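Student: heads up, no residue letters with this:
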């Protein structure tokens with residue numbers, strides 16, 4: 001029987017970087033099967049929150065806690081969090097020369113499984129996921145992010161989600177640097193995976209344009225390290241029209 005706790009619960013989170021407080025008492029919940037959009041101006045703390053949720057050691061939690069699947073993960077390592085079912089799609093994915101997309105994904109998947117998947121089983125799984133996302137099979141043989149365009153890097157992040165099937169995905173400004181066609185493909189992939197797997201999504205963005213393709217259940221505005229407004233998808237439209245200055249009061 002499920003209790004009333006959210007799948008991912010952020011409680012009164014205060015975070016500092018190099019002695020400077022960036023997050024000032026953030027409270028936020030994300031459940032499987034829902035999409036939460038986190039918006040805010042530059043420097044508001046959005047990417048800081050993403051890094052803290054995945055356990056980046058460069059960020060110090062001075063107060064508050066993070067609960068995932070009824071477990072306190074505040075002090076867990078990134079690997080432990082990933083094994084539990086958290087996933088972070090990076091704004092600027094790193095290149096790993098010499099490591100193919102396929103080998104990287106099989107290693108990542110096996111790190112989450114008790115029973116390791118064989119090469120042949122994984123090949124079939126990867127083909128299935130790439131077909132689902134309308135990706136060419138040749139993509140799997142390329143070195144991870146090496147020579148990839150901005151759009152290809154973001155598509156690769158979606159492929160990782162498809163293979164790993166996380167319970168909650170944190171997508172950090174995945175729309176940055178994408179043209180309209182790539183934005184549509186990435187958005188369709190996120191929508192498809194959410195429908196197929198029931199994962200929850202926390203999507204972090206500056207702009208409303210990706211939210212025209214991915215309709216959030218809730219929009220949360222972060223400003224100066226604290227939540228300043230909460231609303232439905234229409235809040236994102238208001239922000240696009242009025243900017244953040246006109247949307248600083250906490251709403252329903």
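Tutor: Sure thing, it's come through. Everything quoted here is computed from the prediction, not taken from an experiment. Numbers count the residues shown, from 1 in each chain.

Student: from here on, contacts and neighbour counts on C-alpha atoms
Tutor: Fine.

Student: for residue 48, what is the enclosing helix or strand?
Tutor: Element membership for residue 48, per DSSP states H and E: helix 46-53.

Student: and that helix, what does it pack against?
Tutor: With contacts defined as 3 or more C-alpha pairs under 8 Å, 6 or more residues apart in numbering; DSSP states H and E, the packing partners of helix 46-53 are strand 20-30, strand 168-172.

Student: list the buried residues of the longest one.
Tutor: Okay, so that is strand 20-30. Judged by neighbour count (16 or more other C-alpha atoms under 10 Å), strand 20-30 contains these buried residues: 21-30.

Student: ok and the very next helix or strand once past that strand relative to strand 168-172, angle-wise?
Tutor: Past strand 20-30, heading to the C-terminal end, the next element that is a helix or strand (DSSP H and E) is strand 35-39. Angle, strand 35-39 to strand 168-172, by axes from the mean of the first three to the mean of the last three C-alpha atoms, to 10 degrees: 30 degrees.

Student: if we can go back for a sec, any residues touching the helix holding residue 48, and which ones?
Tutor: Around helix 46-53, the neighbours that count as contacts under C-alpha atoms under 8 Å, 6 or more residues apart in numbering are 22-23, 38-40, 59, 61, 66, 88, 170, 172, 204, 222.

Student: out of the helices and strands packed on helix 46-53, which comes closest to residue 194?
Tutor: With C-alpha to C-alpha as the measure, strand 168-172 is the member of the helices and strands packed on helix 46-53 nearest residue 194 (9.5 Å).

Student: who are the packing partners of the closest one?
Tutor: Using 3+ C-alpha pairs under 8 Å, 6+ apart as the contact criterion, the neighbours of strand 168-172 among helices and strands are helix 46-53, strand 86-89, strand 200-205.

Student: identify the farthest-apart pair in the buried residues of strand 20-30.
Tutor: In those, the most distant members under the criterion C-alpha to C-alpha are 21 and 30, with 23.6 Å between them.

Student: would you map the helices across this structure?
Tutor: Counting by DSSP state H, the chain forms helices over residues 46-53, 78-84, 101-110, 119-132, 150-164, 180-197, 233-242, given from the N-terminal end onward.

Student: could those go into TSV alongside distance to residue 210 and mean neighbour count?
Tutor: Shown next, in TSV, are the helices of the chain (distance: least, C-alpha to C-alpha, whole Å; neighbours: other C-alpha atoms under 10 Å):
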stretch	distance to residue 210	mean neighbour count
helix 46-53	16	22
helix 78-84	25	17
helix 101-110	26	18
helix 119-132	21	15
helix 150-164	13	22
helix 180-197	7	18
helix 233-242	10	17
